[in-house]
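A.B. asks: This is a predicted model, with the sequence first.
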Amino acid sequence: MSYKNEYNDKFSKDIRVAMDKTFKKLTTLESKEFFDNELFDASMHLLNKPGKMLRPLLVFLGASYCGMDLDEVIDIAVSIELLHTSSLIHDDIIDNDNKRRDIDATHVKYGLEIAMLSGDALISKSIQNASRYGKNLIDIMAETAMKMSAGEAMDFRYQRLKKVPEIEECLRIIELKSASLISTATSISGKYKNSNFSRELELFGLNLGIAFQIKDDIEDYSAISDNTQANLDANRPNIVKSIIKSGKNEKDAIKEATAMNKKYIKVGISYLDKNKFEIFERYLNMIKID
């Protein structure tokens with residue numbers, strides 16, 4: 001799905017314009033920046049087939065919350081999406097997934113070695129792109145990348161051992177692997193400007209990210225797709241499976257996971273200024289379970 005289909009009727013014109021500019025920058029990177037044509041092609045494989053671009057959207061919503069000019073943070077949004085895309089490439093290799101966004105995963109199309117290197121190249125490009133905003137932003141991006149790597153390492157350890165993590169351990173994996181980048185995306189504009197709102201945006205984003213992944217876990221567990229079921233059978237950590245491990249039956253586990261999704265959204269909202277809540281309201285409607 002193109003991100004445009006998702007947002008055209010849901011967000012203000014200035015948000016949509018900023019998203020269009022971000023998309024254009026992502027898809028007009030040049031091969032000379034990567035010094036090798038095959039590395040460039042592999043690096044662009046997923047960028048040319050965008051998902052919903054949720055994380056760049058959060059960069060702009062966070063900037064709006066802080067009262068900033070969105071043009072000022074477009075390259076931050078680009079950096080966030082580059083980092084996210086690198087993680088998708090590496091995740092697909094580790095999880096042995098063959099498809100991403102209805103196309104071949106990067107390692108399937110270009111081979112394992114080039115895919116690994118393209119993920120590395122996108123991390124480098126992300127940091128390089130963020131460097132124009134100063135050392136503080138580089139530190140934030142680098143720390144986020146470290147957290148994502150740690151979360152992926154924990155995730156893979158359970159897959160390798162064919163064990164289901166306890167609920168708290170599963171939530172820790174979610175926090176590091178998924179929620180850390182969403183928290184960074186939400187708060188990074190404010191941190192760049194040393195805004196008084198940056199801490200509340202960080203905590204809001206962290207809870208938002210956990211809720212987002214719980215929703216994904218429920219959908220993955222409930223999916224009928226053979227590909228999804230095969231992944232679950234391979235013991236990929238999933239909050240529903242962790243709840244079942246604690247002694248709940250499948251129906252009650254899904255119900256509990258749904259309640260957790262709502263709880264984390266509620267906790268996240270509690271950090272926001274009530275007068276500015278509407279900035280994120282439509283986004284929240286996209287991640288909560290009805």
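C.D. replies: Yep, that arrived.
A.B. asks: which residues touch Glu33?
C.D. replies: Phe40, Lys125 (CB atoms under 8 Å, 6 or more residues apart in numbering). From N, CA and C alone the C-beta is placed, and that goes for glycine too.
A.B. asks: which helices and strands sit right next to the longest helix seen in the chain?
C.D. replies: Longest helix in the chain, counting residues (DSSP state H): helix 135-161. Counting by 3 or more CB pairs under 8 Å, 6 or more residues apart in numbering; DSSP states H and E, the packing neighbours recorded for helix 135-161 are helix 74-95, helix 112-130, helix 167-174, helix 180-192.
A.B. asks: Single out the most deeply packed of those.
C.D. replies: Highest mean neighbour count of the helices and strands packed on helix 135-161: helix 180-192, a mean of 26 (counted as mean count of other CB atoms under 10 Å).
A.B. asks: Any idea how far the helix or strand that that helix is followed by is from the middle of the chain?
C.D. replies: Next helix or strand after helix 180-192 toward the C-terminus (DSSP states H and E): helix 198-222. Computed by CA atoms, centre = their mean, to the nearest Å, the chain-centroid distance of helix 198-222 equals 9 Å.
A.B. asks: looking at this structure, which helix or strand does the model trust least?
C.D. replies: None of the helices or strands of the chain scores lower by mean pLDDT, DSSP states H and E than helix 226-233, at a mean of 51.
A.B. asks: Can you give me the buried ones in the longest helix of the chain?
C.D. replies: By 16 or more other CB atoms under 10 Å, the buried positions in helix 135-161 come out as 137-138, 140-141, 144-145, 147-148, 151-152, 154-156, 158-159.
A.B. asks: with the residues you listed in mind, which one is nearest to Ser178?
C.D. replies: Gly151 (7.2 Å; CB to CB).
A.B. asks: do you know how far the closest one is from Cys170?
C.D. replies: According to CB to CB, to the nearest Å, Gly151 stands 11 Å off from Cys170.
A.B. asks: Pull the helix or strand following the least confident helix or strand of the chain out as PDB, backbone CA atoms only.
C.D. replies: Sequence-wise, the next helix or strand downstream of helix 226-233 (DSSP H and E) is helix 239-245. This file holds the C-alpha atoms of helix 239-245, laid out as PDB (Å, rounded to 0.1, in the frame of the first residue of the first chain):
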ATOM      1  CA  ILE A 239       2.700 -11.800  22.900                       C
ATOM      2  CA  VAL A 240      -0.300 -14.000  22.400                       C
ATOM      3  CA  LYS A 241       1.900 -17.100  22.600                       C
ATOM      4  CA  SER A 242       3.600 -15.800  25.800                       C
ATOM      5  CA  ILE A 243       0.200 -15.200  27.400                       C
ATOM      6  CA  ILE A 244      -0.900 -18.800  26.400                       C
ATOM      7  CA  LYS A 245       2.400 -20.000  28.000                       C
END
